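1. this one's structure only:
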């Protein structure tokens, strides 16, 4: 059993930043991918520092758990080198934010920690460089390809009552269904998301109708269809499903599938779903494709992981 | 759901649309570039009294320079998404791949950045182009004696 319940863990103050491509109202917007810096790495660091400073002005931070998509999470490491705050770096691709929340909610059991910040960022140009071609290189857009979202999110996980309770969580397993195409991450990740959802329901002895909304991270249009198809095979019908990546970027010139990246889920969760207050019980499933370019070049099959967290909005 | 079943489902959904349309666009644009090339060489040979190989070199130079300048201005990759592989197959694609690598790695230093990565994408073209050239030369010698 990989599920757990939390007594007093709440999602508190959150600050967000994104570029103009993302269709959400964030705390800050950047007009230019370089964000006034010389390199894309510095631009992403600057975004992280900005949201972190916003939080710092309001609350005392005991610990930061951070993640991004660059090699060896160098960007977060560098951004944190300017702060003097204890720090844990994690990497779980696009499910990083949920992994951070699960870790934070658990660390809160220790009485020394009161406010833990979950920090996550991604940058379109940085991922293009890490996973695909050089930025200026023109390649034909595949119809299954997603577009990495640009932005950063920092949010506090605290013991204080805030109105958004972290009720329970399920840690996922690494799943490999044999998809080799790194340009079709929705297909890589859909089985992982479905298995975690099934595990979550089984562990906590819940019916799927318990949840008003199932929010997946960045499956994209095709990934969502596959996700729902797998669930249908298991006789699970979701009341309402939203894919964060699908609604975050909706520009056919950029992508036909939607956005991807670890910030998709937190941006939509914090700035849309929680603010709307339409849904009371939310199951957020972060989905991550765990691969590097060596693996996809060597034609290995690509594994994925999904973590789920259950939120109650008052 | 079993893995095989899932892979079949993925294969059914992951179908590229517009393959024929894209191929046609590439064919027309690539052909157009080639035709303009010939036209320019023809004009140079007939008006400036150049030898055809020299005129060819000059037009190649124009093509390469244009591709590199457009890459630097961030226009070339947008043109490719519009006009597909018609722009990549001619020499312009080669120039574009080298220029985009240069832009990408210029901040990583002269040796570890530019030197090591300049031919990251174009390297395969150079290697297999040379291999193909040598092989066909040998074949020609064998057949023609």
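-> Received, thanks. Keep in mind that what you see is a predicted model, and the values were worked out from it rather than measured.
2. ok, the closest residue to residue A:62 other than its chain neighbours - contacts?
-> Closest residue to residue A:62 apart from its sequence neighbours, by Cβ to Cβ, 6 or more residues apart in numbering or on different chains: residue A:113 at 4.7 Å. (Each C-beta comes from the backbone N, C-alpha and C, glycine too.) Contacts here follow Cβ atoms under 8 Å, 6 or more residues apart in numbering or on different chains; on that basis residue A:113 touches A:62-63, A:107.
3. So which residue is smack in the middle of chain B?
-> If you average the C-alpha coordinates of chain B and look for the closest C-alpha using Cα atoms, centre = their mean, you land on residue B:93, 2.6 Å from that point.
4. Now tabulate the contacts of residue A:113 in JSON lines and tack on neighbour count, pLDDT and distance to residue B:56.
-> As requested, the contacts of residue A:113 are exported to JSON lines (neighbours: other Cβ atoms under 10 Å in any protein chain shown; pLDDT from 0 to 100; distance: Cβ to Cβ, whole Å):
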{"residue": "A:62", "neighbour count": "18", "pLDDT": "95", "distance to residue B:56": "69"}
{"residue": "A:63", "neighbour count": "21", "pLDDT": "96", "distance to residue B:56": "66"}
{"residue": "A:107", "neighbour count": "17", "pLDDT": "95", "distance to residue B:56": "69"}
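5. For chain B, what lies in contact range of chain A?
-> By the rule Cβ under 8 Å from any Cβ of the partner chain, the part of chain B lying against chain A is B:1, B:3, B:6-7, B:9-10, B:13-17, B:22, B:71-72, B:74, B:76-81, B:84-85, B:87-88, B:96-97, B:99-101, B:103-105, B:107, B:120-121.
6. All the helices of chain A, in order from the start?
-> Taking DSSP state H as the test, the helices found in chain A are A:40-58, A:74-80, A:96-107, A:124-131, A:185-203, A:220-233, A:244-248, A:264-268, A:275-276, A:293-297.
7. What is the burial count for the residue of the stretch 1-150 of chain A found nearest chain B?
-> Among all residues of the stretch 1-150 of chain A, residue A:138 sits closest to chain B, at 3.1 Å; criterion: Cβ to the nearest Cβ. Residue A:138 has 25 neighbouring residues, counting by other Cβ atoms under 10 Å in any protein chain shown.
8. List the buried residues of the least confident helix or strand in chain B by mean pLDDT.
-> Lowest on mean pLDDT, DSSP states H and E among the helices and strands of chain B sits helix B:76-83, with a mean of 86. Within helix B:76-83, the residues that count as buried by 16 or more other Cβ atoms under 10 Å in any protein chain shown are B:76-77, B:79-80, B:83.
9. helices or strands up against it?
-> The helices and strands touching helix B:76-83, judged by 3 or more Cβ pairs under 8 Å, 6 or more residues apart in numbering or on different chains; DSSP states H and E, are helix B:19-47, helix B:52-72, helix B:91-105.
10. Mind putting those helices into CSV with mean pLDDT?
-> Shown next, in CSV, are the helices and strands packed on helix B:76-83 (pLDDT from 0 to 100):
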stretch, mean pLDDT
helix B:19-47, 92
helix B:52-72, 93
helix B:91-105, 90
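11. Could you identify which of the ones you listed is most buried?
-> Of all those, helix B:91-105 has the most neighbours on average by mean count of other Cβ atoms under 10 Å in any protein chain shown, namely a mean of 22.
12. Save the helices of chain A as CSV, and put in distance to residue A:15 too.
-> Supplementary listing: the helices of chain A in CSV, determined by distance: least, Cβ to Cβ, whole Å:
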stretch, distance to residue A:15
helix A:40-58, 4
helix A:74-80, 14
helix A:96-107, 14
helix A:124-131, 20
helix A:185-203, 27
helix A:220-233, 26
helix A:244-248, 17
helix A:264-268, 11
helix A:275-276, 14
helix A:293-297, 32
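13. quick one, which of those is nearest to residue A:2?
-> Shortest separation from residue A:2 across the helices of chain A is recorded for helix A:185-203, at 6.5 Å, computed as Cβ to Cβ.
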